[in-house]
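> make a model of this:
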Amino acid sequence: MAMWANADWRGTLLPAHGDVNLADYAGVFNAVEGNTTFYSGAPKAETVAAWSEQAPASFRFCFKLPGELTHRKRLRDIDEDFTQFIQRLAPLHDRLGPLMVQLPRDFGHAELPALERLFTHWPSGIPCGVEVRDPQFFHKGAAEQAFNRLLISQESNRVMLDVRALFSTPAGLDKKLAVAQDEKPKVPLHVLSTAVNPVIRFIGHFDDAINQARFAPWIERLILWIKQGKRPFLFVHTPDNRQAPELAQSFYRQLAERIELPSLAAFPGERQESLF
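Take a look at the predicted model:
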């Protein structure tokens, strides 16, 4: 998911009673999409230290580069800032999944040299995922070909944003759906693994039948990648994220029916409630 704590998850993914911490989430899911760094920049050193203590060795943090670097500076003159960001995350370096470079909606082909320069400073051993939103990169023309070649040459992953479920119906009077559709770009889904950690950001709908139908084709693709030795990352959203844990749980169990995967633990909130 895009977060590890949400008040609406109390009693299910999170305990209904008592304190909530990262360990509750990490006891079920093995990765989190770190949106907080996009909005707030590098976390405090003491915060990173606390996360390091709470997350098991198998857990992966997939932080986004700060929006200050990607959107305000547009990857220009960010060498020092980027280095400081990576250094701040040092206690978690053994548990970093793909760090995600989410680019502005108008970051197009002409600005690819800035992304290429960023790669020259990218630390070895830390995976990278890049999410583009400019229409140029979805027309299968020169711009998209250049982008994909750059990713392949740098062993970087293309982040696949799947918004088909979200935009499958008009928002109508549903304000939450309208907000979600306004926030997310309506871009085509191009399924392409350019490195060993394919990243899928699945943005769901309130209607579970729609979500299940849109996810079904992913099952075969995920199985293929896993059998190829790749380690894909799937992050599940819903318009207000209330149902995201259950949806992610459902998707995982469908995969586990087809390919051997570790068992998914029961939600801490559900275990807690069974004691009362």
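> contacts, neighbours, all on C-alpha from now
Will do.
> just the pLDDT for residue 97.
Looking at residue 97, its pLDDT stands at 97.
> ok, residue 9 next?
95.
> and it, how far from residue 71?
Computed as CA to CA, to the nearest Å, the residue 9 to residue 71 distance reads 31 Å.
> do the same with residue 226
From residue 226 over to residue 71 (counting by CA to CA), the distance is 33 Å.
> same thing with residue 208?
Going from residue 208 to residue 71 by CA to CA gives 33 Å.
> looking at these two, which is more packed in?
When neighbours are counted by other CA atoms under 10 Å, residue 208 and residue 71 differ, and residue 71 comes out ahead with 18 against 14.
> need the contact list for the more buried one.
Neighbour list for residue 71: 103-104 [criterion: CA atoms under 8 Å, 6 or more residues apart in numbering].
> strands along the stretch 51-200 of the chain, start to end?
Taking DSSP state E, counting those that start in this stretch, the strands of the stretch 51-200 of the chain run over residues 60-63, 99-102, 128-131, 157-162, 199-203.
> out of the ones you listed, indicate the one that is most buried.
Ranked by mean neighbour count, those are led by strand 157-162 with a mean of 24 (mean count of other CA atoms under 10 Å).
> for the residue most central in space within the chain, pull up the helix or strand it's in.
Centroid-nearest residue in the chain: residue 33, 4.2 Å away (criterion: CA atoms, centre = their mean). Taking DSSP states H and E as the criterion, residue 33 maps to strand 31-34.
> I'd like the next helix or strand past that strand.
helix 36-40.
> what is that following helix packed up against?
Using 3 or more CA pairs under 8 Å, 6 or more residues apart in numbering; DSSP states H and E as the contact test, the elements touching helix 36-40 are strand 60-63.
> after the strand it packs on, heading C-terminal, what element do we hit next?
Next helix or strand after strand 60-63 toward the C-terminus (DSSP H and E): helix 67.
> tell me the mean pLDDT for that next one?
97.
> any idea how many residues pack against the closest residue in space to residue 154 that isn't next to it in sequence?
Distance criterion CA to CA, 6 or more residues apart in numbering; nearest residue to residue 154, sequence neighbours excluded, is residue 119 at 7.1 Å. When neighbours are counted by other CA under 10 Å, residue 119 registers 17.
> residue 119 against residue 155, yeah?
No - using CA atoms under 8 Å, residue 119 is not in contact with residue 155; the gap is 9.9 Å.
> the helix ranked longest in the chain - contacts with which helices or strands?
Counting residues, the longest helix in the chain under DSSP state H turns out to be helix 208-227. Helix 208-227 is packed against helix 244-256, with contacts defined by 3+ CA pairs under 8 Å, 6+ apart.
> what's the offset of the helix it packs on from the middle of its chain?
Computed by CA atoms, centre = their mean, to the nearest Å, the separation of helix 244-256 from the middle of its chain amounts to 15 Å.
> residue 109: how many residues sit nearby?
By other CA under 10 Å, 16 other residues sit near residue 109.
> list the contacts of the residue lying closest to it once chain neighbours are set aside.
Distance criterion CA to CA, 6+ apart; nearest residue to residue 109, sequence neighbours excluded, is residue 143 at 5.3 Å. The contact partners of residue 143, by CA under 8 Å, 6+ apart, come to 108-109, 136-137.
> separation between residue 143 and residue 173?
Per CA to CA, residue 143 is found 38 Å from residue 173.
> low-confidence regions, this structure specifically.
271-276 (pLDDT under 70).
> redo that, cut-off 90
The model of the chain has pLDDT under 90 over residues 1-3, 16-21, 268-276.
> in stretch 18-31, what's buried?
20-31 (16 or more other CA atoms under 10 Å).
> got it, and stretch 136-151?
Applying 16+ other CA under 10 Å to stretch 136-151 flags 136-138, 143-144, 147-148, 150-151 as buried.
> then stretch 65-83?
With burial defined by 16+ other CA under 10 Å, the residues of stretch 65-83 counted as buried are 65-71, 74-76, 78-79, 82.
> tell me which of these is nearest to residue 104?
residue 71 (5.8 Å; CA to CA).
> how much space separates the closest one from residue 65?
Applying CA to CA, the value for residue 71 to residue 65 is 10 Å.
> and if you look at residue 115?
12 Å.
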